[in-house]
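**Q** Just need the structure, nothing else, for what follows:
(3 chains)
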Amino acid sequence: MPGQSPGFAASGVVTLTTDFGLKDPFVGVMKGRLVARYPAVRIIDLTHEIPAHWPAEAGFWLARSFRYFPRGTVHVAVVDPGVGSAREIAAVEAEGHLFLAPDNGLLAPVFDSAASITARHVTGSLLTRLGIDAPSATFHGRDIFAPLAAELAAGRLQPADLGVPTTDLVPGWIEDPLVGPGQVTGTVVTVDHFGNLITNIEARHLQGLAHPVVRVAGREFAVRRTYSDVRPGDYLALVNSFGVVEIAQAERSAAEGLGLARGAPVVVISK
Amino acid sequence: MPGQSPGFAASGVVTLTTDFGLKDPFVGVMKGRLVARYPAVRIIDLTHEIPAHWPAEAGFWLARSFRYFPRGTVHVAVVDPGVGSAREIAAVEAEGHLFLAPDNGLLAPVFDSAASITARHVTGSLLTRLGIDAPSATFHGRDIFAPLAAELAAGRLQPADLGVPTTDLVPGWIEDPLVGPGQVTGTVVTVDHFGNLITNIEARHLQGLAHPVVRVAGREFAVRRTYSDVRPGDYLALVNSFGVVEIAQAERSAAEGLGLARGAPVVVISK
Amino acid sequence: MPGQSPGFAASGVVTLTTDFGLKDPFVGVMKGRLVARYPAVRIIDLTHEIPAHWPAEAGFWLARSFRYFPRGTVHVAVVDPGVGSAREIAAVEAEGHLFLAPDNGLLAPVFDSAASITARHVTGSLLTRLGIDAPSATFHGRDIFAPLAAELAAGRLQPADLGVPTTDLVPGWIEDPLVGPGQVTGTVVTVDHFGNLITNIEARHLQGLAHPVVRVAGREFAVRRTYSDVRPGDYLALVNSFGVVEIAQAERSAAEGLGLARGAPVVVISK
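**A** Residues are numbered from 1 along each chain as shown, chains lettered A, B, ... in the order given. Presented below is the predicted three-dimensional model:
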C-alpha cells in the first residue's frame, strides 16, 4: 500500500554486508565503483564476516540493524553460494529503506519482519540501460550491485524503476521459532565476537511464558536483564540489545564454555 | 585553566575504539546512529580489536594516537566489562580534543599524559533532554555514546553542557613504570600485528640511563634506532614511533620468538 | 608521452593498502593525518591484510583493482620490510591515477601492466618544504605517505612536483609467467578469503592454448566459466573477475582441499 508507506527518498548512505572478508580487495573495489559513480556517497560497512555462503546470517542482522540507519539508506547484501547461475536480484523497499541482494532467501528476514514492504526483481533491461550489461560471471557485488546502489543512493534511480512488484521471493534459510503452549523452540543463528550465542527467539515469542527459563545443552538459565546481573564466569540468558534471546557467560565465551555453535536448538519454557 | 587551554571546537570528526570486533554489525549500527543524527560526520576507526574487556589497551593507544587527528575530534572508546551496571560516562577534554568512554579507568592514560585537561561525568538529565533516555541495558555504544558523540561532533552540544568538572575519575588499569636509580621497570601492554612487544616505558623514562639495555625473558637487547639496524631474525629494542620502548625481531614476531605476551615485565638498565 | 596520457587531476579519493592489520591503531592514525591535512578527503581501504613484509601481493592487487576507482585517485601502499633504511619513495602516474609506495618492487606490477606510465622518486627537498622533515624512523605510512597523499589528493601538489621522471624503479618480487609452446607456467600469488588459489596467469597468456587445462598438485582441471558450472565440492579452474587464472572448489576451500599455498607452481597446458 504505497499510499500509506513512507516512500524511499535517497539519503546518500549505502551499507554493505558480505561474506567477502577484509583480507582481499573485494570490498575495496566495490567501494571504488560506488564512489566512481556517485562521489558524494557515504558508505558504512555492516559486516563482511558473514560465514562464507551462509545468507541466513546476513538477513538476520540486516532485519535487526536497518532501523539504526537514516531513512533513505540503500542496504546492499551479497552472500551468494550460487553466483554465476541464473539468479535474480531482489530489491525490497521497507519503512523508507531499500535492500538489494541476490534472490536466494537472504532478504526473507527483512521481508518477514518489516512493515510497508514492496519487493521487486531487478529487470535485465534496466541493467542494460545503465551500462551494467557485461558483468563478470563471478563478482556481481562489484559489477552489478555497486553501480546499481550508486544510482539509487544518488537519487537518479527510484525503486519503482527497478521492476514490477512481486511477492515471489525465494523463502528464507531458517525456520521461524516454534511457539507452543508454555514452550518456544528456536535456533542459535550466530555466535558473536564475545562468544555469545544469538538465537532467533524474539521478546514477543516469550509473552506467554510467566517465568521464562532457557534450556540449552542440558542446562537451564533464567532470563536476566544484563550481563552484570551475574558474576564473571556465570552463565545467563537475556533478551539482548537487538531484541532476541541470547545465552552469554559474563566476561567469558558461552560458545566455548557450553561447546555450542550455529544451528544449536534452544528451548524456552516457563517455570 | 580554560583561559590557557585550546578550547574544543568541533571538527566533525569522530574516532571509534572498541572491543566489538568486526564480525558482527555492532560497529556498523553505531555508525548508522552517528550518520542518522549528524549526516556530515566523518568517522574513523581507531581499532575494534581491543582484547575483550581490557580497557587498558584502549586508553594506552588513544593517549598516543589522538594528536594525529584534527583538533575538535570526538574520540569515542567503548570497552566495558561492567556494561549494564551503574557506570558513569566520562568526558575528558584535552588539548582541543574530546574523549567519551565509560568511567572505568579507560581514559586514565589520556588524563595522565595530556595537557589542559577538564574531566566531567555526563549528567543523566542531559541524556534525557537529548532523547537518549531509554537505552538497552547492554549496548551503550549504540544507544548512548553514538548519539551523544553525534551532537558533540555537530557542534550542537558543547563539552561544558555535559556536566560540572570533576577530578574524580576511576584510576587506570596499569601501574606507571617504576623509575629507580639506573633502572626502569615497566610492562608489555600489548603485542602488535607484527608480534612486536609494546611497553609502557616512554623515552623520557630512559633519560637517566647512559647506555640503555632492555632486559626481558632472561635476555638483553641494546636500544637501536630502527628495525633495519639489525639483520632479519635478530632481536632489537627501540623507542618506537609512538614514543615507547618496543622489543622487536626484524621481519619476525618477537612475541613468538621470546614466548612473551601482554603483561610481561620489562626492565631497562644502563650498561 | 604526457601529451597522450590522461593527466592526473585529483578526485579527492585516497586508497590505502598495507600489511598493518586492523588490530592496532596504525591505519587509524594514517587516516587521522590525512583528514587533518585535507578535511574533505575520501579514504577507501583496499586491504590491510597483505602478508607481513610481502610487497608482491600489494602490487598484484593494486594493478588489478585501481581501474575500479575514479581517475584522480591517490593509491597509497605501504608494505616495507626495509622501513628505516635508505629507501626511496616511488610515485607512479598511470592512466590518470597516482601510486605512492616504498621503492622496493611493490609497484612493479602496476608499472608492468598499466599504460601511459610516468615514474618518479620523491625528492627529499619536497618533503622538507612540506614540513615532512622529521619523521619517525619506523612509521613512514603515518609520517611521510599520509601527509604527502593528502597534499596530492587536495590538488595542492601535482605529480610533476614530486621529482624528475625515472625508469629506474626496483624490480618486482614475482617472475612473470613463462609462456612456451602449448604451455604456460605461473605461480599462486595469494589465497583469497574463500580459499581460492589466485595465480598470476592472465587470460591473454592462454590465447595460444586451444583447450586449456590447469595442472596443479598432480591434478588437472578444465577451465570453466563460473563456480556454479560444477557441483558443490568439485574443483574447477576459471579466469576470475580480475582476469587471472584461479583454482577453486565450489563452496569449499581449494587451498585446504589441495594442500596448497602462496608460491605453488601452476601449469596450464592444452588438451
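**Q** Surely A:S228 forms part of a helix?
**A** Yes - counting by DSSP: H, G, I helix; E, B strand; the rest coil, A:S228 is part of a helix.
**Q** Can you report how many residues neighbour it?
**A** 21 (other C-beta atoms under 10 Å in any protein chain shown). Bear in mind the C-beta positions are built from the backbone N, C-alpha and C, glycine included.
**Q** same check, this time on A:S11
**A** Using other C-beta under 10 Å, A:S11 has 20 neighbouring residues.
**Q** show me the contacts for it.
**A** Contact analysis of A:S11 by C-beta atoms under 8 Å, 6 or more residues apart in numbering or on different chains lists A:P70, A:R71, A:G72, A:T73, A:A153, B:P39.
**Q** one more time with 6 Å, if that's ok
**A** A:P70, A:G72, A:T73 (C-beta atoms under 6 Å, 6 or more residues apart in numbering or on different chains).
**Q** Output these in CSV, with neighbour count appended to each entry.
**A** Putting the contacts of A:S11 into CSV (neighbours: other C-beta atoms under 10 Å in any protein chain shown) gives the following:
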residue, neighbour count
A:P70, 17
A:G72, 19
A:T73, 26
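**Q** quick one: which of those residues is nearest to B:G124?
**A** A:P70 (26.8 Å; C-beta to C-beta).
**Q** Let's see the pLDDT reported for the closest one.
**A** pLDDT, A:P70: 98.
**Q** Could I get the full set of helices for the stretch 151-271 of chain A?
**A** A:254-258 (DSSP state H, counting those that start in this stretch).
**Q** and the residue of it nearest chain C?
**A** Closest to chain C within the stretch 151-271 of chain A is A:H193: 12.8 Å, counting by C-beta to the nearest C-beta.
**Q** mind listing what that residue touches?
**A** B:G21, B:K23, B:D24.
**Q** any idea how far chain C is from the second one?
**A** Applying C-beta to the nearest C-beta, to the nearest Å, the value for B:K23 to chain C is 12 Å.
**Q** hang on, isn't that residue packed against A:E49?
**A** Yes - contact criterion C-beta atoms under 6 Å: B:K23 and A:E49 qualify, at 3.8 Å.
**Q** Test my guess that A:S270 contacts A:Q183.
**A** No - A:S270 sits out of contact with A:Q183 when judged by C-beta under 6 Å, with a separation of 7.8 Å.
**Q** ok now do A:I198, which residues does it touch?
**A** Counting by C-beta under 6 Å, 6+ apart, A:I198 touches A:V189, A:T190, A:D192, A:E246.
**Q** which among these gets closest to B:N200?
**A** Taking C-beta to C-beta as the measure, B:N200 sits nearest to A:D192 out of those, at 30.6 Å.
**Q** The closest one - nearest residue in space that isn't next to it in sequence?
**A** Distances taken as C-beta to C-beta, 6 or more residues apart in numbering or on different chains put B:D24 closest to A:D192, at 4.8 Å, once the chain neighbours are dropped.
**Q** what's the pLDDT at the one you found?
**A** Per-residue pLDDT puts B:D24 at 97.
**Q** That one: neighbour count?
**A** 23.
**Q** ditto for A:P171
**A** If you count neighbours by other C-beta under 10 Å, A:P171 ends up with 8.
**Q** try A:S85
**A** A total of 14 residues lie near A:S85 under the criterion other C-beta under 10 Å.
**Q** Tell me the buried residues in the biggest strand by length in chain A?
**A** Taking DSSP state E as the criterion, chain A has its longest strand at strand A:183-191. The neighbour-count check on strand A:183-191 (16 or more other C-beta atoms under 10 Å in any protein chain shown) flags A:V184, A:T185, A:G186, A:T187, A:V188, A:V189, A:T190, A:V191 as buried.
**Q** Tell me the strands beside that strand, with direction?
**A** Strand A:183-191 has the following sheet partners, assigned by DSSP bridges: strand A:178-180 (antiparallel), strand A:197-202 (antiparallel), strand A:265-270 (antiparallel).
**Q** Could you dump those into TSV and include distance to C:S85 and mean pLDDT?
**A** As requested, the strands paired with strand A:183-191 are exported to TSV (distance: least, C-beta to C-beta, whole Å; pLDDT from 0 to 100):
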stretch	distance to C:S85	mean pLDDT
strand A:178-180	65	94
strand A:197-202	48	96
strand A:265-270	57	95
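**Q** which one of the ones you listed lies closest to C:V29?
**A** Checking the strands paired with strand A:183-191 against C:V29 by C-beta to C-beta gives strand A:197-202 as the closest, at 33.0 Å.
**Q** Quick check on A:T128: phi, psi?
**A** The phi/psi pair for A:T128 (degrees, to the nearest 10) reads phi -60, psi -50.
**Q** Chain B contacts on the stretch 151-271 of chain A?
**A** Residues of the stretch 151-271 of chain A lying close to chain B (C-beta under 6 Å from any C-beta of the partner chain) are A:D192, A:H193, A:F194, A:R225, A:T226, A:Y227, A:S228, A:S241, A:E251.
**Q** who wins for neighbours among those residues?
**A** Highest neighbour count within those, by other C-beta under 10 Å: A:Y227, with 26 neighbours.
**Q** I figured that residue hits A:A250, correct?
**A** Yes - using C-beta under 6 Å, A:Y227 is in contact with A:A250, at 5.0 Å.
**Q** which one of the strands paired with strand A:183-191 is the most hemmed in?
**A** strand A:197-202 (a mean of 24; mean count of other C-beta atoms under 10 Å in any protein chain shown).
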